[in-house]
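Asks: how does the following fold in three dimensions:
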Amino acid sequence: MIRYEFTVAALAATRFGWSPLLEVRNALRVLHPLRRSDHPVYAGWRPRTLAALADSTVDLALLHTFVAPSGYVPGFLAPAPPPGTPPELSAELSRVCATDAATVVRHIHEAIRVMPHGTGKRRADRLRGLAENPEEARDRAVVALESFWQVALQPIWPGIQAVLDRDIAVRSAQLAQYGPAAAFDALHPGVRWQAGTLITDRPASLHVRVDDRGMVLLPSVFAADLIGGAADPELQATLTYRARGTAELWSLAASAGPRHDTEPPAGLVRTLGLSRTRILVQLDSPLTTTQLAEFLRLAAGNVSTHLTALRGAGLVASHRRGHRVLYARTVLADQLLTAARPGSP
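Replies: Numbering: from 1, shown residues only. Below is the predicted model:
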């Protein structure tokens with residue numbers, strides 16, 4: 001297990017955050033060819049994404065050299081997100097690009113050092129080769145990470161972002177209502193707070209003193225049921241856990257399947273605006289805000305605002321199904337779309 005010891009200052013600086021680069025790294029783990037087991041929640045996404053990657057130029061061999069199915073990821077590829085507005089992937093990759101050569105070499109050698117004895121010889125040899133030209137290795141990794149993002153995550157990022165935002169909102173409310181100990185205990189069954197120490201059931205035996213930067217608590221939709229994070233004293237401490245709503249996100253994506261975003265009627269666009277017209281076009285069958293955000297590649301918050309306006313105009317109705325709220329076009333909206341389409345009488 002890993003024991004994280006907190007001072008008062010460290011606990012006061014601890015915060016929630018999310019990171020596109022973390023999701024990239026965790027997605028690479030899910031897709032790794034040597035992964036021994038796969039959480040059923042990814043059963044639909046994994047084969048579709050592997051097929052898309054097979055038709056791309058993404059350097060998966062390089063990425064899987066850096067990111068194994070489990071264990072340590074070289075620290076320069078795992079910076080904690082800064083406080084404030086969640087970062088864009090481009091900003092995180094810029095931080096990776098700024099890593100000096102000596103740090104890259106040190107982190108690559110640490111990845112080799114912590115490999116289980118007698119395993120990973122080929123990977124270790126590849127890492128040693130990368131360490132011989134660290135700046136080139138770093139820059140190649142950045143290019144590959146960005147390419148992987150574009151193929152594997154960018155099309156579904158609005159839905160992922162919505163899940164991460166919701167998770168942090170719920171847990172921040174827990175923190176405010178019940179305090180840090182209860183908020184820590186609720187993160188994962190393998191996490192518990194005990195006498196000023198955060199204990200995590202991870203396959204390592206470490207005692208980490210969290211410095212005055214505090215710990216960053218990072219939800220992830222690709223964490224499966226595992227917990228992870230940075231325990232390297234050189235890096236800011238992080239703890240990664242599975243975000244609430246992850247299963248719903250993937251089940252919605254799998255059940256709905258891809259949709260073609262057809263050209264919206266120009267007359268209706270001039271009246272309602274492009275985004276609201278596109279939403280109406282998509283609602284041939286009931287959908288959630290998350291699904292609409294994924295299909296249209298819009299931020300979930302923007303979709304929610306547009307749905308509120310459309311519902312106020314009598315063009316969209318909502319109803320609850322279990323834990324989900326589904327939206328559908330009204331008869332009035334159907335009539336508007338029919339009248340606005342070319343060739344209508």
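Asks: so how far is the first residue of stretch 34-44 from its last?
Replies: End-to-end distance of stretch 34-44 (C-alpha to C-alpha, to the nearest Å): 19 Å.
Asks: mean pLDDT per helix and strand in the protein: which one sits at the bottom?
Replies: Every helix and strand of the chain was ranked by mean pLDDT, DSSP states H and E. The lowest is helix 246-256, at a mean of 58.
Asks: after it comes which helix or strand?
Replies: Downstream of helix 246-256, the first helix or strand assigned by DSSP states H and E is helix 266-272.
Asks: quick one: buried residues of that next one?
Replies: L268, V269, L272 (16 or more other C-beta atoms under 10 Å). Backbone N, C-alpha and C define where each C-beta goes, glycine included.
Asks: same check on stretch 29-49?
Replies: R29, V30, L31, H32, R35, H39, V41, Y42, W45, R46, T49.
Asks: out of those, which sit inside helices?
Replies: R29, V30, L31, W45, R46, T49 (DSSP state H).
Asks: adding pLDDT and distance to S94, write those residues out as TSV.
Replies: Putting these into TSV (pLDDT from 0 to 100; distance: C-beta to C-beta, whole Å) gives the following:
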residue	pLDDT	distance to S94
R29	91	23
V30	89	25
L31	90	25
W45	82	28
R46	85	29
T49	89	25
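Asks: out of the buried residues of helix 266-272, which one sits closest to Y241?
Replies: Of all the buried residues of helix 266-272, L272 has the smallest distance to Y241: 40.4 Å, by C-beta to C-beta.
Asks: please identify the helix or strand for the residue lying closest to the closest one once chain neighbours are set aside.
Replies: Spatial nearest neighbour of L272, excluding adjacent residues (C-beta to C-beta, 6 or more residues apart in numbering): L280 at 7.5 Å. L280 belongs to helix 274-282 when elements are defined using DSSP H and E.
Asks: buried sites along that helix?
Replies: S275, R276, T277, R278, I279, L280, V281, Q282.
Asks: convert the C-alpha atoms of the top helix by length along the chain to PDB, please.
Replies: Using DSSP H to define each element, the chain has its longest helix at helix 157-178. Output of helix 157-178 as PDB, limited to C-alpha atoms (Å, rounded to 0.1, in the frame of the first residue of the first chain):
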ATOM      1  CA  TRP A 157     -14.300  14.300 -25.500                       C
ATOM      2  CA  PRO A 158     -17.500  16.400 -24.800                       C
ATOM      3  CA  GLY A 159     -19.100  13.400 -23.100                       C
ATOM      4  CA  ILE A 160     -16.000  12.600 -21.200                       C
ATOM      5  CA  GLN A 161     -15.700  16.200 -20.000                       C
ATOM      6  CA  ALA A 162     -19.300  16.200 -18.900                       C
ATOM      7  CA  VAL A 163     -18.700  13.100 -16.700                       C
ATOM      8  CA  LEU A 164     -15.500  14.600 -15.200                       C
ATOM      9  CA  ASP A 165     -17.300  17.900 -14.400                       C
ATOM     10  CA  ARG A 166     -20.200  16.100 -12.800                       C
ATOM     11  CA  ASP A 167     -17.900  13.900 -10.700                       C
ATOM     12  CA  ILE A 168     -16.000  16.900  -9.300                       C
ATOM     13  CA  ALA A 169     -19.200  18.800  -8.600                       C
ATOM     14  CA  VAL A 170     -20.600  15.900  -6.600                       C
ATOM     15  CA  ARG A 171     -17.400  15.300  -4.600                       C
ATOM     16  CA  SER A 172     -16.800  19.000  -4.000                       C
ATOM     17  CA  ALA A 173     -20.300  19.100  -2.400                       C
ATOM     18  CA  GLN A 174     -19.300  16.100  -0.200                       C
ATOM     19  CA  LEU A 175     -16.200  17.900   0.800                       C
ATOM     20  CA  ALA A 176     -18.100  21.000   1.800                       C
ATOM     21  CA  GLN A 177     -20.800  19.100   3.700                       C
ATOM     22  CA  TYR A 178     -18.800  16.400   5.400                       C
END
